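Participant: sequence and predicted model, in that order:
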Amino acid sequence: MNPHIHQPIHLRSRTEFLWRQLRYTGAGLGFMLISLGLGVLGYHLFAHITWIDSLLNASMILSGMGPVSGLHGTTAKLFASAYALYAGVVYLAVSAVLLYPPVERLLKILHLQALNTPPPSHGNHHPDE
């Protein structure tokens, strides 16, 4: 049995919610910046392209747009493949982190509304009578 099922539902204040959303946004952005840095470094070291082109490629892959520069060499292509797969997971993870606070709040609001809504009466009363 779930021990939390009988605990009252607590809806955070708007200010608490906004601060929480800000913290989650900061965590998501931090993860994105670390991932971008790994991509820039990888493109520069493995594909031997300039820092600015590495930044462009990593940014485009991380945002889901696709690569810009053509890659030469097996090592560069293997890195780009691995980074593209990683970037897809990062995109989903950061989206989940950013959406968690508002979705949780929405579900709590709907739950509170459901708790405070009286059940429909199922008597023999007909609306046309």
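Facilitator: Cool, the structure landed.

Participant: distance from stretch 104-118 to the middle of the chain?
Facilitator: With Cα atoms, centre = their mean, to the nearest Å as the basis, stretch 104-118 stands 24 Å off its chain's centre.

Participant: pull the residues that contact it.
Facilitator: The contact list for stretch 104-118 (Cβ atoms under 8 Å, 6 or more residues apart in numbering) reads 9, 11-12, 17. In this view, the C-beta of every residue, glycine as well, is placed from N, C-alpha and C.

Participant: give the buried residues for it.
Facilitator: Within stretch 104-118, the residues scored as buried using 16 or more other Cβ atoms under 10 Å are residue 105.

Participant: ok, stretch 52-72 next?
Facilitator: Under the neighbour-count criterion of 16+ other Cβ under 10 Å, stretch 52-72 has 54-58, 60-62, 67, 69, 71 buried.

Participant: extract the CA atoms of it and return them as CSV.
Facilitator: Written as CSV, here are the backbone C-alpha positions of stretch 52-72 (Å, rounded to 0.1, in the frame of the first residue of the first chain):
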residue,chain,number,x,y,z
ILE,A,52,33.9,28.0,-33.9
ASP,A,53,33.0,25.3,-36.4
SER,A,54,33.0,22.8,-33.5
LEU,A,55,30.6,25.0,-31.6
LEU,A,56,28.4,25.3,-34.6
ASN,A,57,28.3,21.6,-35.2
ALA,A,58,27.7,20.7,-31.6
SER,A,59,25.0,23.4,-31.3
MET,A,60,23.2,22.1,-34.4
ILE,A,61,23.4,18.5,-33.3
LEU,A,62,22.3,19.3,-29.7
SER,A,63,19.3,21.3,-31.0
GLY,A,64,18.2,18.5,-33.3
MET,A,65,19.0,20.4,-36.5
GLY,A,66,21.8,18.2,-37.8
PRO,A,67,25.5,18.7,-38.7
VAL,A,68,26.9,21.6,-40.7
SER,A,69,30.4,20.5,-41.6
GLY,A,70,31.2,17.4,-43.5
LEU,A,71,33.4,15.0,-41.5
HIS,A,72,36.4,13.1,-42.8
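
Participant: who touches that stretch?
Facilitator: Stretch 52-72 is contacted from outside by 32, 35-36, 38-44, 47, 49, 77, 80, 83-84, 87-88, 90-91, using Cβ under 8 Å, 6+ apart.
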